[in-house]
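Peer 1: what shape does this take:
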Amino acid sequence: MDLTPLRCLINSISRFIHLITCRVSSTMPAEKDYQNLVSMLKHLKPVLDDVSDHKAPLDEALFKECEELDIAVNEAREFLEKWSPRTSKLLCVLQSKPLLLSIQIASVKLSCILCKIFESLPTSSTLAHVQLSVQECQNLKLGKLAEEIEEILKSKKDGKVPGVQQLINIIETFNLTSSDEILNEYIALEKEKQKAEGSDIKGDLDHISNIVDLLSHIRDYVVNLEKFKAIGGIQIPSHFLCPLSLELMLDPVIVASGQTYERAAIQKWLDNRLGICPKTGYKLSHKNLIPNNTVKALITNWCNENNLELGSKCEKSEIERVRPPSEHAGHEDDSQCPPQSGNSASGSSFGHSLETQNRGSRGVNEKLDESSLEHSYVHSRSESESSAVSSIDSVATAETENTSKSSKQENAIDKLDDTKSACSTSLVKKAGGASHSSHGRQHSAKTMGEMVVNGKHTPSTAVSLQSDSGYDVLTSTSHVEKLVNNLKSVSNELQTGAARELRLLVRSNMENRIIIGECGAIAPLIGLLHSDVKETQEHAVTALLNLSINENIKARIAEEGALEPLIHVLKTGNAGAKENAAAALFSISRLDEYRIKIGRSGAIKPLVDLLRTGTIRGKKDAATALFNLSIFHENKARIVQAGAVKPLVTLLDPESEMIDKAVALLSNLSTIAEGCSAISREEGIPLLVEIVDTGSQRGKENAASILLQLCINSPKYCRSILQEGAVPPLVALSQSGTPRAKEKAQQLLSHFRNQRESSAARGRS
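Peer 2: Numbers count the residues shown, from 1 in each chain. Predicted structure coming up:
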């Protein structure tokens with residue numbers, strides 16, 4: 001009987017489990033349900049594996065249910081792959097429920113069939129797994145959040161107003177506790193509503209409209225709370241609060257419908273391509289924002305009358321949110337200054353998920369699996385306050401000598417080393433009309449509508465930032481398109497400014513990378529790698545480095561011919577540009593076919609030059625790139641012939657910061673005869689023996705691996721190693737090192753013993 005349906009299901013379950021385990025964001029409201037589902041499928045999968053291995057009789061009904069479960073699992077997986085933190089939380093939960101229940105129902109049916117099959121067998125250790133799977137399937141309680149929302153929607157349909165406690169439960173469960181979160185949810189729902197209107201599916205449109213109506217009740221409840229918002233104990237008049245952001249309006253503007261909003265909030269709304277008035281729902285005839293000087297004057301007068309000087313509202317000691325007097329429940333005042341963050345909608349999406357970063361430092365972690373044994377290659381870097389920091393966190397896996405396998409990039413992040421406080425205070429505009437200098441506006445999750453704006457205001461509010469520390473916010477397509485046009489300008493100043501801003505926008509925000517990649521920025525950034533302006537060249541190469549975090553964008557960067565320009569930067573750029581060009585080549589080399597192309601394109605020689613003459617960061621970046629290139633056997637000889645062994649041996653000095661990195665790369669190069677010869681010629685053996693004695697655990701095992709390769713390659717190297725006194729540290733390593741280090745040390749000691757016995761036998765004969 002054809003096992004294809006069964007094997008397809010096993011594969012689908014494996015993919016689904018991997019997706020949930022590795023990629024479900026903590027911000028996804030239905031995460032717990034998916035985790036519970038994974039737990040159940042993990043019990044079911046071993047049973048299916050046994051059936052696939054012909055450990056149970058096959059059944060036609062079994063295959064039918066396998067197909068049903070396979071369809072359900074794949075539908076849920078496809079839904080998750082399309083999900084991002086920018087989508088509606090409420091709609092996500094409601095859409096997840098039928099998908100979850102489909103998997104549960106199909107799993108119960110399949111488990112029951114499996115239970116009957118294995119019960120008929122005389123002995124089966126698998127029966128316990130099947131029974132556990134049936135029990136877990138039946139006990140799963142999925143879609144509880146969706147049921148709460150559906151209950152509220154049903155009550156509204158019957159003409160009942162949602163209860164306060166129901167609203168509070170939804171607000172707390174979905175983290176709709178801040179004005180920014182509510183705005184993001186409202187924007188997401190409006191986008192879904194527009195899609196539904198375009199699809200002409202009335203049921204979907206009505207469903208989304210009901211959810212929008214529910215969110216309106218939530219917003220009204222929060223607005224009522226906002227009426228009691230206070231600054232320094234003074235309540236803010238409700239008509240001074242933006243109906244969209246629910247914050248005090250400091251730059252009020254009028255839209256085409258005649259409603260007044262805070263400029264930052266309504267601009268964000270418009271940047272998301274929403275062309276209706278948030279309050280009235282009417283279509284806006286134009287998107288011009290007209291300053292409402294009357295309201296602004298009223299707010300200014302109110303501030304003057306109450307002797308208020310509004311700065312950054314990160315000063316929570318000055319601002320407190322209180323509940324209405326009718327509510328006696330306690331409310332903790334957040335007196336802590338929250339960390340500065342980007343828009344809440346710009347959190348990690350699936351696949352992104354893996355960005356580990358520290359201010360002012362960057363790390364590269366790699367592994368090389370050689371003869372089924374692991375090498376660790378760790379790269380860290382730091383830089384001064386004013387410069388940018390790139391970070392690559394990755395893991396590479398490869399076979400030795402004759403085989404190389406693909407590797408998976410985790411992360412490359414460019415981040416400013418910002419020593420300013422996360423809650424920097426904006427310029428204060430006092431009463432009296434004194435002149436003030438102009439400042440750009442920061443738009444982080446908590447600053448929208450919270451700063452007094454002085455002088456001119458740039459319309460591109462999403463990304464017009466004065467402080468670099470604010471560049472973790474979500475950008476807009478229109479703004480990026482403007483920057484891309486500036487990249488193509490004949491003006492060096494415009495090119496430099498655009499490249500710098502793109503560099504900052506992609507340093508830590510995955511969604512910005514996707515937007516920028518889709519707006520055609522890659523080709524002009526690659527073109528700027530040949531710029532005569534070194535600053536422009538550095539900004540461009542760093543932006544490309546961080547865009548390459550995204551696997552799809554990385555492939556496009558490579559396909560659009562970035563290799564030759566990156567090599568050009570490696571040869572001609574300033575120190576920072578060379579470092580990031582090396583890191584970018586490393587990133588691209590994670591694509592198997594480009595590991596070969598980079599080696600053949602002439603990149604190895606300038607990388608070796610950087611390893612020899614670069615700054616410490618440059619050397620680390622060069623070593624990282626060369627390490628990954630050396631996984632491909634053909635590149636090992638090229639690296640040795642380019643003269644890499646001499647600077648690597650120099651880096652084995654105990655005073656060097658790069659011992660472990662250098663010895664890991666040398667371990668790769670020692671698998672060819674030219675590498676062994678160069679290591680011996682450059683007098684690396686004494687330093688390697690010293691590392692075996694006093695190095696780190698990882699350094700010891702890599703050094704032992706190199707010494708073993710040398711001994712296998714030639715008896716003369718073996719004699720040199722013995723003369724350096726390698727036996728005592730090897731004996732110690734064979735007893736107390738890592739498993740791989742012990743194995744290498746024991747192999748070396750055995751090799752020495754065999755050599756001695758062979759010599760003794762020849763002497764007797």
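Peer 1: any idea how far the nearest residue to Thr694 once chain neighbours are set aside is from Val645?
Peer 2: In this structure, Thr694 finds its nearest non-sequential neighbour in Pro654, 7.4 Å apart by C-beta to C-beta, 6 or more residues apart in numbering. Just so you know, the C-beta spots here come from the backbone N, C-alpha and C atoms, and that holds for glycine as well. Per C-beta to C-beta, to the nearest Å, Pro654 is found 19 Å from Val645.
Peer 1: list the buried residues for stretch 745-757?
Peer 2: Neighbour counts using 16 or more other C-beta atoms under 10 Å place Ala745, Gln746, Gln747, Leu748, Leu749, His751, Phe752 of stretch 745-757 among the buried residues.
Peer 1: returning to that earlier point: for the residue nearest to Thr694, give me phi and psi.
Peer 2: Backbone torsions for Pro654, taken as degrees, to the nearest 10, come to phi -60, psi -20.
Peer 1: neighbours of it, just the number please.
Peer 2: Residue neighbour count, defined by other C-beta atoms under 10 Å, stands at 10 for Pro654.
Peer 1: ok, it touching Asp693?
Peer 2: No: using C-beta atoms under 8 Å, Pro654 is not in contact with Asp693, being 10.8 Å away.
Peer 1: re earlier: for the residue nearest to Thr694, give me the pLDDT.
Peer 2: Looking at Pro654, its pLDDT reads 82.
Peer 1: same check on Met451?
Peer 2: So Met451 comes in at 30 (pLDDT).
Peer 1: try the one 3 residues further on
Peer 2: Listed pLDDT for Asn454 reads 30.
Peer 1: with Arg600 instead?
Peer 2: Looking at Arg600, the pLDDT reads 91.
Peer 1: distance check, Cys8 against Ser52.
Peer 2: Using C-beta to C-beta, one gets 11 Å for the distance from Cys8 to Ser52.
Peer 1: check which residues of the longest helix belonging to the chain are buried.
Peer 2: Longest helix of the chain, by residue count under DSSP state H: helix 89-119. By neighbour count with 16+ other C-beta under 10 Å, helix 89-119 contains the buried residues 89-97, 99-104, 106-115, 117-118.
Peer 1: and the chain, what are its domains?
Peer 2: Following the assignment in automatic domain parsing, the chain carries domains at 4-142, 160-321, 643-765.
Peer 1: which of the ones you listed comes out lowest on mean pLDDT?
Peer 2: Mean pLDDT values for these show the minimum at domain 160-321, a mean of 76.
Peer 1: still on that earlier bit, the buried residues of stretch 745-757 in helices, which ones?
Peer 2: Residues of those located in helices (DSSP H): Ala745, Gln746, Gln747, Leu748, Leu749, His751, Phe752.
Peer 1: got phi/psi on the nearest residue to Asn175 once chain neighbours are set aside?
Peer 2: Of all residues beyond its chain neighbours, the one nearest Asn175 is Glu181 (5.9 Å), with distances taken as C-beta to C-beta, 6+ apart. When quoted as degrees, to the nearest 10, the phi and psi of Glu181 stand at phi -70, psi -40.
Peer 1: do you know how far Glu181 is from Asn288?
Peer 2: For Glu181, the distance to Asn288 equals 28 Å [C-beta to C-beta].
Peer 1: counting neighbours, go ahead and name the busier of the two.
Peer 2: Using other C-beta under 10 Å as the criterion, Glu181 and Asn288 rank with Glu181 on top: 18 against 11.
Peer 1: distance of the more buried one relative to Gly614?
Peer 2: For Glu181 relative to Gly614 (C-beta to C-beta), the value is 45 Å.
Peer 1: repeat for Lys636
Peer 2: Note on Lys636: its distance to Gly614, by C-beta to C-beta, is 21 Å.
Peer 1: OK, contacts around Asp213?
Peer 2: Applying C-beta atoms under 8 Å, 6 or more residues apart in numbering to Asp213 gives the contacts Lys156.
Peer 1: how close does it sit to Leu153?
Peer 2: Distance from Asp213 to Leu153, by C-beta to C-beta: 8 Å.
Peer 1: now Asp621
Peer 2: With distances taken as C-beta to C-beta, Asp621 is found 55 Å from Leu153.
Peer 1: neighbour count: these two, which is higher?
Peer 2: Taking neighbours as other C-beta under 10 Å, Asp621 and Leu153 compare with Asp621 leading, 31 against 18.
Peer 1: right, and that one touches Ala577 too?
Peer 2: No: using C-beta under 8 Å, Asp621 is not in contact with Ala577, being 11.1 Å away.
Peer 1: count of neighbours near Lys193?
Peer 2: Neighbour count of Lys193, defined by other C-beta under 10 Å: 21.
Peer 1: give me every residue that touches Leu244.
Peer 2: Leu183, Tyr186, Tyr261, Glu262, Ala265, Ile266, Trp269, Pro278, Lys279.
Peer 1: ok, and the closest non-adjacent residue to Leu733?
Peer 2: Leaving aside its sequence neighbours, Leu733 sits nearest to Ala745 (C-beta to C-beta, 6+ apart; 4.1 Å).
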